[in-house]
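**Student:** Okay, predicted coordinates and the sequence, questions at the end:
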Amino acid sequence: GMSQPHPALPRGTRIKVGTAAPLEQILFGPATVTDGTQNLVGALRTSMGICGARSIKEMHKVKMIIAPAIKTEGKYFQAAQSTP
């Protein structure tokens with residue numbers, strides 16, 4: 001049933017979201033798909049290795065740059081160079 005609404009929290013409709021995989025597989029793999037929904041711990045280990053962090057505490061101190069256009073960055077110049 002619906003509980004008492006909180007004035008500061010949004011209310012929404014409950015929907016069925018289904019199951020992607022068992023919890024153990026989502027956390028530890030092995031992944032059967034390549035969409036990033038499985039093997040969370042493996043992804044964290046890889047990220048920590050790339051950043052040079054040896055612990056979660058060190059990972060919290062990592063300085064990161066967010067680049068929302070990373071997929072398209074430089075594509076204009078790349079296309080211009082390949083056009084004769």
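**Tutor:** In hand now; what should we look at? Numbering: from 1, shown residues only.

**Student:** can you give me the helices for this structure?
**Tutor:** 23-28, 40-51, 56-60, 75-82 (DSSP state H).

**Student:** Show me the one of these that comes nearest K16.
**Tutor:** helix 23-28 (17.6 Å; C-beta to C-beta). Using the backbone N, CA and C atoms, a C-beta is placed for each residue, glycine as well.

**Student:** Against which helices or strands is that closest one packed?
**Tutor:** helix 40-51 (3 or more C-beta pairs under 8 Å, 6 or more residues apart in numbering; DSSP states H and E).

**Student:** How far off centre is the helix it packs on?
**Tutor:** 11 Å (C-alpha atoms, centre = their mean, to the nearest Å).

**Student:** Restrict it to CA atoms and write it as PDB.
**Tutor:** In PDB, the C-alpha atoms belonging to helix 40-51 read as follows (Å, rounded to 0.1, in the frame of the first residue of the first chain):
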ATOM      1  CA  LEU A  40      30.100  -3.800 -10.600                       C
ATOM      2  CA  VAL A  41      33.100  -4.800  -8.500                       C
ATOM      3  CA  GLY A  42      35.200  -5.600 -11.600                       C
ATOM      4  CA  ALA A  43      34.400  -2.200 -13.000                       C
ATOM      5  CA  LEU A  44      35.400  -0.500  -9.700                       C
ATOM      6  CA  ARG A  45      38.700  -2.400  -9.700                       C
ATOM      7  CA  THR A  46      39.400  -1.400 -13.200                       C
ATOM      8  CA  SER A  47      38.600   2.300 -12.500                       C
ATOM      9  CA  MET A  48      40.800   2.200  -9.400                       C
ATOM     10  CA  GLY A  49      43.600   0.800 -11.400                       C
ATOM     11  CA  ILE A  50      43.300   3.400 -14.100                       C
ATOM     12  CA  CYS A  51      43.300   6.200 -11.400                       C
END
